[in-house]
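Chemist: I would like the atomic coordinates for the input below:
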Amino acid sequence: MKNGFGLIFSILLLVVIGCSCPSKLAELGKKKETTPPPTATPYSPSSTPVSKGEYDISMDKYQQIKIGTSRSDVENILGGKGTEISSSVGGGVRFSVNKWEGERYKSIILSFKNDKVMSKSQVGLK
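Modeler: Residues are numbered from 1 along each chain as shown. A predicted model of the protein is given here:
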C-alpha cells in the first residue's frame, strides 16, 4: 500500500511539473535580452608617429658595453636607466632585463645579474 501510494504520488508530481513546463518555457522565450549589442569603435592612429626614442643609442655605444660591465657604467654610456622589462630575486641573486629605445625602432636590451651585464642584444644598430 505504501509503495503504491509513493508511486502514485511520484507520477502525479511528474504530471504537474510536466504541465507547467511549457508555460515556463514560453515565458522564458518572451523575455528580451537587456544586454546591448556590441558597438564597433573606429580605429584612429596616433596623430604623432613614433620616430624618435628616448635614448641616443648607437653601435659604438653598444660595443662599449661588455659582459660584466656594471649597471652604473651602462647608464653612463647609454644616458639613463632604460626601461625595466622584468626582474626577479632568488637565492640572494637579483636578475633584471632593461631596454633602451632609440629612434626608428633601434633598441639595446641588456640582462643583469647583481647589477652586472650578463647578456646583451641589439636591434637596428649599424
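
Chemist: where do the strands of the chain begin and end?
Modeler: Per DSSP state E, the chain carries strands over the ranges 83-90, 93-101, 107-113, 116-123.

Chemist: out of these, indicate the one that is most buried.
Modeler: strand 107-113 (a mean of 19; mean count of other C-beta atoms under 10 Å). C-beta here means a position set from N, CA and C on the backbone, and glycine is covered the same way.

Chemist: okay, now the sheet partners of that one, with direction.
Modeler: Applying DSSP bridges, strand 107-113 is found paired with strand 93-101 (antiparallel), strand 116-123 (antiparallel).

Chemist: could you dump it to CSV, C-alpha only?
Modeler: Provided in CSV are the C-alpha atoms of strand 107-113 (Å, rounded to 0.1, in the frame of the first residue of the first chain):
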residue,chain,number,x,y,z
SER,A,107,67.0,49.3,-29.2
ILE,A,108,69.5,47.7,-26.8
ILE,A,109,68.4,45.0,-24.4
LEU,A,110,70.6,44.0,-21.5
SER,A,111,70.1,41.4,-18.8
PHE,A,112,71.8,41.9,-15.5
LYS,A,113,72.8,39.6,-12.7
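
Chemist: now the angle from it to strand 83-90?
Modeler: Note on geometry: by axes from the mean of the first three to the mean of the last three C-alpha atoms, to 10 degrees, strand 107-113 and strand 83-90 are set 20 degrees apart in direction.

Chemist: show the contacting residues for Lys120.
Modeler: 62, 65, 67, 108-111 (C-beta atoms under 8 Å, 6 or more residues apart in numbering).

Chemist: make CSV out of those and add distance to Asp73.
Modeler: As requested, the contacts of Lys120 are arranged in CSV below (distance: C-beta to C-beta, whole Å):
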residue, distance to Asp73
Tyr62, 13
Ile65, 8
Ile67, 12
Ile108, 14
Ile109, 17
Leu110, 11
Ser111, 15
